[in-house]
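Trainee: Give me a model of this one.
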Amino acid sequence: MGAPLSKVEITIHDRQHGYETVGLTMPSHDTVIVVRNQDTVTHGFASNLFKDIEVRMEGGTEVKGKRFRSFHVDPGKTMTLHFETAPSKFDPVTGVAESLRYALWCDIHPEVKGELYIIETKGEIGGG
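Mentor: Model (predicted):
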């Protein structure tokens, strides 16, 4: 990997409140997602983001579906996912790099949902 590290922390409280997400990542960054399951049941953590990239997982179980990959985390446990985000994607019309939004969902409880943003920045971070 070797790119800068981005960290995203996700907490699952229960099925009514979905994912609480703190943090972001950027294109071509080594990314760590820490998923804390504070519920009393196992939850899945699925996204099309994981479909075509290598993911190293600790503390959970990988489940492969036909159209997505999911990682399950048991109640009261913490799971960590390590991966590198894809390079920037450019709008074919404008040539401008775009930020990307990926849906996150629990493949066990469809009402549990969230989002992860891969933010494209221009210039120095902080508005440079």
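Trainee: bridging residues for Ser47?
Mentor: The partner list for Ser47 in beta bridges (DSSP bridges) reads Arg69.
Trainee: wait, doesn't it sit right on Arg101?
Mentor: No: counting by C-beta atoms under 8 Å, Ser47 does not reach Arg101; the two are 10.7 Å apart. (C-beta placed from N, C-alpha, C; glycine too.)
Trainee: Show me which of those two is the more surrounded one.
Mentor: Ser47 (19 against 11; other C-beta atoms under 10 Å).
Trainee: how close does that one get to Phe71?
Mentor: 9 Å (C-beta to C-beta, to the nearest Å).
Trainee: which residues are in contact with both of Ser47 and Arg101?
Mentor: Leu116 (C-beta atoms under 8 Å, 6 or more residues apart in numbering).
Trainee: any low-confidence regions in the chain?
Mentor: Residue ranges of the chain with pLDDT under 70: 1-4, 121-128.
Trainee: Point me to the helix or strand that includes the residue located most distally from the centre of the chain.
Mentor: What lies farthest from the middle of the chain is Val93; by C-alpha atoms, centre = their mean that is 27.7 Å. In the assignment (DSSP states H and E), Val93 maps to no helix and no strand.
Trainee: and Phe90, how many neighbours?
Mentor: 12.
Trainee: That one contacts Leu100, correct?
Mentor: No: using C-beta under 8 Å, Phe90 makes no contact with Leu100, being 11.5 Å away.
Trainee: Give me the common contacts of those two.
Mentor: Counting by C-beta under 8 Å, 6+ apart, Phe90 and Leu100 have no common neighbour.
Trainee: so the residue nearest to Asp91 when sequence neighbours are not counted bridges to which residues?
Mentor: The shortest distance from Asp91 to any non-neighbouring residue, by C-beta to C-beta, 6 or more residues apart in numbering, is to Glu98 (5.6 Å). Glu98 has these beta-bridge partners by DSSP bridges: Lys89.
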